[in-house]
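> pasting the sequence and the predicted coordinates here, then a few questions.
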2 protein chains.
Amino acid sequence: ATLITSAPAIAATPKIKWRLASSFPKTLDTVYGGGEDFCKRVSELSEGNFEIRSFAAGEIVPALQVMDAVKDGTIECCHTAPYYFFGKNEAFAFDCSVPFGMTARAQNAWMYYGGGQKLLADFYAQYNIVALAAGNSGCQMGGWYRKPIKTVADFKGLKMRVGGFAGRVLEKLGAVPQQIPAGDIYAALEKGTIDAAEWIGPHDDEKLGLYKVAPNYYFPAWWEPSTQFSVMINKKEWDKLPKNYQQILEVAAAETNVRMLAEYDFRNPTALAKLQKGGAKLSAFSNEIMEASFKATNEVLEETAAKNPDFKKIYEPWRQFRNLEFQWFNVTEQAYAKFAFSKKLGK
Amino acid sequence: ATLITSAPAIAATPKIKWRLASSFPKTLDTVYGGGEDFCKRVSELSEGNFEIRSFAAGEIVPALQVMDAVKDGTIECCHTAPYYFFGKNEAFAFDCSVPFGMTARAQNAWMYYGGGQKLLADFYAQYNIVALAAGNSGCQMGGWYRKPIKTVADFKGLKMRVGGFAGRVLEKLGAVPQQIPAGDIYAALEKGTIDAAEWIGPHDDEKLGLYKVAPNYYFPAWWEPSTQFSVMINKKEWDKLPKNYQQILEVAAAETNVRMLAEYDFRNPTALAKLQKGGAKLSAFSNEIMEASFKATNEVLEETAAKNPDFKKIYEPWRQFRNLEFQWFNVTEQAYAKFAFSKKLGK
């Protein structure tokens, strides 16, 4: 017998080293930082035995090739916005953001309890990937426009930097979607090569300085009512892990999920105030624009479901879930929000 | 040299057994379950070396004495709604819910990034407690009323089961707050001993069956725009833990925080539909009532700050933070919510 009550135990903590390729540059501190925090937590929880090294976009894998690199096992995992792979399969959007889709809270409800994770796991199996929700930006902003946008007609011929799903919907309104890397947006807007550009929200948008060349700042990004980021893991590597390392990944992802949204919600208010001081002109999209966008979105969703069985399989239960959530969120949350958020509260 | 790359390492994982006293009965499955999930995660992450056994309210400590039991070291930790200790010190409410206070997202932004955790840590030090945010109900419902409540005058003499901060504000409107345990509310409403009772939201309210005896169901609970639950830990026990066990507690609490809110957001919509089928009559508080409640709340907040220096120290930065958050949430999130939540989306 001994008095030592806290004798070290032999634990199944194999030494593992992984690499995580981020789709984001370090300048996107909140979202790139979310991936880094995730890696740090995994290391802490495993007492340094499970180390994941985080690499910024392009360091080891180009931003938009991280999913393929995970699928093929070139790297063990990545941190990305799954809708970047919309061109490969529109169903990736459900793990990220869909026009007129879930808010951040509805997305979490769907993922954790509403069957979302299971539907997505079935989808990701064909890519040899296990995906975990790991971060959210909340509802994004509707972008920067050189001229005011007042009616649907103002979208006719509008050259706008916008991609994926949003691009497909905006095309229906007459816009001409453009693909331009973040670093080139400012010059393109300044020269008038494009008329408008959407990026993220105040905190990230401020760094690009677009308010100087396209000061009309619209909201909401109905195409991104919340944007969820994910950690994608090669399934063979996942299956090789001891159970407790899988649990460490799950819990670290959940923490990243709640903390990244909180960080955006913390950073955006002061960034918006700065942008307005700098000359950004804040306006809501008109109701006519919202209604036309909603109609066009429904058409695109139905067309996509008709063509893509992977999309259809997730879309139908997703839509039901969204509709029920929205009815509920329109009750007590919305009654409070409507009253409290519009109060002139001073400082 | 050897080919074994995954040799077991010796880890600092002392065997520790703690007890967690919940303030909640097992029938509150979402919130009691949140505490249980927290304990389960801690066990998993420590490979069974750090075991916390969860006890329902009254099993080892009465519901409202769990904070004192943690403070005195009778038990190592508890899972509770900190505003239960409002009578000891009004400042506990900031770790839980304040009338016309933070929504769930604003609360997380404040706690994790806006200085909330630090302000609360300083406050909790006098109680020998370390507290971690661990769950949220979202915006609650405004309760069940035997008769419709249309104007502020309808609160005159209204005997209402409501406690803490809300009770103090409602008194200013003429109501008579009553303290009644959950299990006795139904009978009191049926007999007319009380005229109204507030509980939580649809999922939990449904179990009490109040719609049968007081069918007028109002929203929002402006006194609980979000209610955060916390794990409170005896500080001496916390300080004794190895660093990685403290990290395990932090990350498990963060996961509970995001998952419990998601579970409420998942369960409430279907529960509300059932309640309405059962005869619940859903109404929003009139604008007159909201305005009078807001005014009375501000008076109570100022009076409390004038009397209680602990409260004042947190209240001032808290109010600034809330005001800035609300301005931001009134932009893109609210524009989207207003449009999307009110759409007739069918099923």
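Done, it's in.
> how about stretch A:179-195: buried residues?
Using 16 or more other C-beta atoms under 10 Å in any protein chain shown as the test for burial, stretch A:179-195 gives A:Ile180, A:Ala182, A:Ile185, A:Tyr186, A:Ala188, A:Leu189, A:Ile194, A:Asp195. Just so you know, the C-beta spots here come from the backbone N, C-alpha and C atoms, and that holds for glycine as well.
> I meant stretch A:267-287, not that one.
Under the neighbour-count criterion of 16+ other C-beta under 10 Å, stretch A:267-287 has A:Arg267, A:Asn268, A:Pro269, A:Ala271, A:Leu272, A:Leu275, A:Ala280, A:Leu282, A:Ala284, A:Phe285 buried.
> so what secondary structure elements neighbour the helix or strand where the third one lies?
What it means is A:Pro269. Assigned by DSSP states H and E, A:Pro269 belongs to helix A:243-277. If you count contacts as 3 or more C-beta pairs under 8 Å, 6 or more residues apart in numbering or on different chains; DSSP states H and E, helix A:243-277 packs onto helix A:29-45, strand A:129-136, helix A:202-208, strand A:228-234, helix B:29-45, helix B:104-112, helix B:243-277, helix B:309-329.
> TSV for these, including mean pLDDT?
Formatted as TSV, the helices and strands packed on helix A:243-277 follow (pLDDT from 0 to 100):
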stretch	mean pLDDT
helix A:29-45	97
strand A:129-136	98
helix A:202-208	95
strand A:228-234	98
helix B:29-45	97
helix B:104-112	98
helix B:243-277	97
helix B:309-329	98
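> what's the closest of the ones you listed to B:Ala93?
For B:Ala93, the closest of the helices and strands packed on helix A:243-277 is helix B:309-329, at 8.3 Å, according to C-beta to C-beta.
> need phi/psi at A:Tyr145.
phi -130, psi 140 (degrees, to the nearest 10).
> ok, A:Ser43 touching A:Glu51?
Yes - counting by C-beta atoms under 8 Å, A:Ser43 touches A:Glu51, with 5.4 Å between them.
> please identify every residue contacting each of the two.
Here A:Ser43 and A:Glu51 have no joint contacts, going by C-beta atoms under 8 Å, 6 or more residues apart in numbering or on different chains.
> looking at the helices and strands packed on helix A:243-277, spot the one closest to B:Gly73.
helix B:243-277 (16.8 Å).
> now do that closest one and helix A:29-45, the angle between them.
Put simply, helix B:243-277 runs at 120 degrees to helix A:29-45, going by axes from the mean of the first three to the mean of the last three C-alpha atoms, to 10 degrees.
> so how far is helix B:243-277 from its chain's centroid?
11 Å (C-alpha atoms, centre = their mean, to the nearest Å).
> can you pull out the low-pLDDT segments for the stretch 51-200 of chain A?
Across the stretch 51-200 of chain A, nothing is flagged by pLDDT under 70.
> show me which residues of it are close to chain B?
Contacts of the stretch 51-200 of chain A with chain B, taken as C-beta under 8 Å from any C-beta of the partner chain, map to A:100, A:103-106, A:108-114, A:138-142.
> report the secondary structure state of A:Ala57.
coil (DSSP: H, G, I helix; E, B strand; the rest coil).
> where's it relative to A:Pro25, distance?
Computed as C-beta to C-beta, to the nearest Å, the A:Ala57 to A:Pro25 distance reads 5 Å.
> which neighbours do these two share?
A:Ala63.
> more neighbours: the two, which one.
Shown here are A:Ala57 and A:Pro25; by other C-beta atoms under 10 Å in any protein chain shown, A:Ala57 has more neighbours (22 against 16).
> number of residues surrounding A:Ala125?
So A:Ala125, with other C-beta under 10 Å, has 11 neighbours.
> so what's the closest residue to it other than its chain neighbours scoring on pLDDT?
Distances taken as C-beta to C-beta, 6 or more residues apart in numbering or on different chains place A:Lys235 nearest to A:Ala125, at 7.3 Å, with adjacent residues excluded. For A:Lys235, the pLDDT comes out at 98.
> verify the contact between A:Lys235 and A:Ala131 for me.
No - A:Lys235 is beyond contact range of A:Ala131, at 9.9 Å (criterion: C-beta under 8 Å).
> which of these two has more residues huddled nearby?
Neighbours were counted for A:Lys235 and for A:Ala131 using other C-beta under 10 Å; A:Ala131 has more, 26 against 19.
> and that one, what does it touch?
Shown in contact with A:Ala131 (C-beta under 8 Å, 6+ apart): A:Pro82, A:Asp95, A:Leu120, A:Ala121, A:Tyr124, A:Ser230, A:Val231, A:Met232, A:Ile233.
> for the fourth one, grab phi and psi.
Geometry field for A:Ala121 lists phi and psi as phi -60, psi -40, criterion degrees, to the nearest 10.
> next one: A:Leu189 from chain B, what distance?
20 Å (C-beta to the nearest C-beta, to the nearest Å).
> so who does that residue touch?
For A:Leu189, the contact set (C-beta under 8 Å, 6+ apart) comprises A:Trp144, A:Arg146, A:Asp195, A:Ala196, A:Ala197, A:Leu210, A:Val213, A:Ala214.
> can you give me the offset of stretch A:105-119 from its chain's centre?
Distance, centroid of stretch A:105-119 to centroid of chain: 15 Å (C-alpha atoms, centre = their mean).
> in it, what counts as buried?
A:105-114, A:116-117, A:119.
> which of those lies closest to B:Glu325?
A:Arg105 (15.3 Å).
> spatially nearest residue to the closest one (excluding sequence neighbours)?
B:Asp265 (5.3 Å).
> report the separation between the closest residue to A:Phe229 other than its chain neighbours and B:Ala252.
In space, and not counting its chain neighbours, A:Phe229 is closest to A:Gly135: 3.8 Å by C-beta to C-beta, 6+ apart. According to C-beta to C-beta, A:Gly135 and B:Ala252 sit 19 Å apart.
> what's the answer for A:Leu158, then?
48 Å.
> looking at the two, which is more packed in?
Per other C-beta under 10 Å, whichever of A:Leu158 and B:Ala252 has more neighbours is B:Ala252, with 29 against 20.
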